[in-house]
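>>> Here's my sequence, what's the structure:
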Amino acid sequence: MQELLDRLESTLDDLRWAIAQVPADREGRRPPPALGDWSVRRILYHLWFYERYIALPQMRYALGLQGPLYPGDVPDEDQSWPREIPAATWLDRLAEVRRETLALVRSIPAEAWSRPVSGTIWGTRTLAWIVTKTLQHTYEHMTTILQIALFWEMAAAFEPRWEFE
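A predicted model of the protein is given here:
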């Protein structure tokens, strides 16, 4: 499990590097449609929101530290997104939640990692699965950020009527 935790910690550095590849004037702009609907800011907000309101509570639930998530427990992500907050702030907030996550999971006994937990939002899963899902989620959106950095001009060339936010 140490390797998984090391990867979870190192992805923040990878994410910082990926964001640095995006020109600053594009961080808050919706990309050409071929690159998705979300700006880099929106992606970072989503990563923070997911870890704050879904992943970390599900880890706590798996450890018996809180109850399950019910409909209405999680705010509406789209409605609560403050568009004006810069990417760097969302990255800092994500780092805070990630530190909280790492502090929680580093203290977990070995037997708890593979114990099936029913009632998660994904069905019956293990803590190892939930933490791995969090890592996968980060990689998935980091890939989109790198696509925005690398392919913006090419994608925009194929969308002559595209208008950005």
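
>>> How far does stretch 22-34 sit from its chain's centre?
18 Å (Cα atoms, centre = their mean, to the nearest Å).

>>> Just the buried positions in that stretch, please.
22, 26, 27, 28, 29, 30, 31, 32 (16 or more other Cβ atoms under 10 Å). Where you see a C-beta, it was placed from the backbone N, CA and C, and this is true even at glycine.

>>> how deep is residue 12 tucked in, by neighbour count?
16 (other Cβ atoms under 10 Å).

>>> coming back round to it: would you format the buried residues of stretch 22-34 as CSV with distance to residue 152 and secondary structure included?
Putting the buried residues of stretch 22-34 into CSV (distance: Cβ to Cβ, whole Å; DSSP: H, G, I helix; E, B strand; the rest coil) gives the following:
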residue, distance to residue 152, secondary structure
22, 8, coil
26, 7, helix
27, 12, coil
28, 14, coil
29, 9, coil
30, 11, coil
31, 6, coil
32, 7, coil
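
>>> Dump those to TSV, plus pLDDT.
TSV is the format used below for the buried residues of stretch 22-34 (pLDDT from 0 to 100):
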residue	pLDDT
22	97
26	94
27	94
28	94
29	94
30	93
31	94
32	93
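
>>> JSON lines for these, including distance to residue 12?
Formatted as JSON lines, the buried residues of stretch 22-34 follow (distance: Cβ to Cβ, whole Å):
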{"residue": "22", "distance to residue 12": "16"}
{"residue": "26", "distance to residue 12": "21"}
{"residue": "27", "distance to residue 12": "17"}
{"residue": "28", "distance to residue 12": "21"}
{"residue": "29", "distance to residue 12": "23"}
{"residue": "30", "distance to residue 12": "25"}
{"residue": "31", "distance to residue 12": "22"}
{"residue": "32", "distance to residue 12": "27"}
